[in-house]
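# fold the following and give me the result.
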Amino acid sequence: MHRLSFPKSSRASRYGLLASAILLLGASRPAIAAPAPINAQDVNGHQVAVNGKGHYTLVIYTNPDLEDESRAVTLALDPYRSRQDFTIIRVVDLRGDVPPEMRGIVRVQIREELAKENKRLKKAGVDVPNQAPIIPDFSGSTLDALGWDGVYDQVHLVVYDPRGHEIKRLANVSSAAQVTRVVDSIL
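Coordinates of the predicted model:
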């Protein structure tokens, strides 16, 4: 078998051309744009990055008529709540339901429910380093940013990866078990 041999200077220039071609091909590929941040204010007035980075985030759509269903979903997620790489955020659809002068009262009621939830979790031995924020959305701005433009009669959810990219969306969640299957599939 005959083997081709190149002078060293020619071999070096071939490797240089190959390296340049690889760099150019890599440079011509479009970069994946970072998702636009979705920011909201939780019930305590703190800023929340809804599609925050550094962890998986499961965002739950709920409204006053879905209180029992969203509670069942939240309870089913208890085993995941102490994970550092997982966060739950609940967005409550209150568009048009609460006059401005009553919003403070609604926030107090939500805070009371959070306090009960924290006691329940503590009693169950679930260590939650970061409380699952609840975002009361009176204007619809957060809901619109999440693509939830209607009032729904079932819980909805969206999941973001640690880079803030949407990776899963479920409309009309039928059971808490359905949500835990989704979480199991991503963690």
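
# and residue 74, how many residues sit next to it?
19 (other C-beta atoms under 10 Å). Every C-beta, even on glycine, is put in place using the N, C-alpha and C of the backbone.

# give me the distance between it and residue 139.
24 Å (C-beta to C-beta, to the nearest Å).

# residue 61 now?
On the measure of C-beta to C-beta, residue 61 and residue 139 end up 15 Å apart.

# let me see the contact set for the residue nearest in space to the middle of the chain.
The centroid of the chain falls nearest to residue 57 when counting by C-alpha atoms, centre = their mean (3.0 Å). Listed by C-beta atoms under 8 Å, 6 or more residues apart in numbering, the contact partners of residue 57 are 50, 51, 86, 87, 88, 89, 159, 160.

# mind doing that once more with 7 Å?
51, 87, 89, 159, 160 (C-beta atoms under 7 Å, 6 or more residues apart in numbering).

# what about the helices in the chain?
8-28, 67-76, 103-123, 141-145, 176-186 (DSSP state H).

# how about residues contacting the shortest one?
Helix 141-145 is touched from outside by 38, 40, 50, 91, 93, 135, 137, with contacts defined as C-beta under 7 Å, 6+ apart.

# 8 Å instead, please
38, 40, 50, 61, 91, 93, 95, 135, 137, 149.

# can you tell me which of those residues are in strands?
40, 61, 91, 93, 135, 137 (DSSP state E).

# ChimeraX command for the buried members of the residues you listed?
The ChimeraX command for the buried members of the ones in strands among the contacts of helix 141-145 (criterion: 16 or more other C-beta atoms under 10 Å) is given here:
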select :40,61,91,93,135,137
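
# which one of the ones in strands among the contacts of helix 141-145 sits closest to residue 184?
residue 61 (20.7 Å; C-beta to C-beta).

# make sure the closest one is actually in contact with residue 157.
Yes - in this structure residue 61 lies within contact range of residue 157 using C-beta atoms under 8 Å: 6.8 Å.

# list the contacts for the closest residue in space to residue 81 that isn't next to it in sequence?
Computed as C-beta to C-beta, 6 or more residues apart in numbering, the closest residue to residue 81 that is not its neighbour in sequence is residue 128, at 5.0 Å. The contact partners of residue 128, by C-beta under 8 Å, 6+ apart, come to 81, 82, 118, 121.
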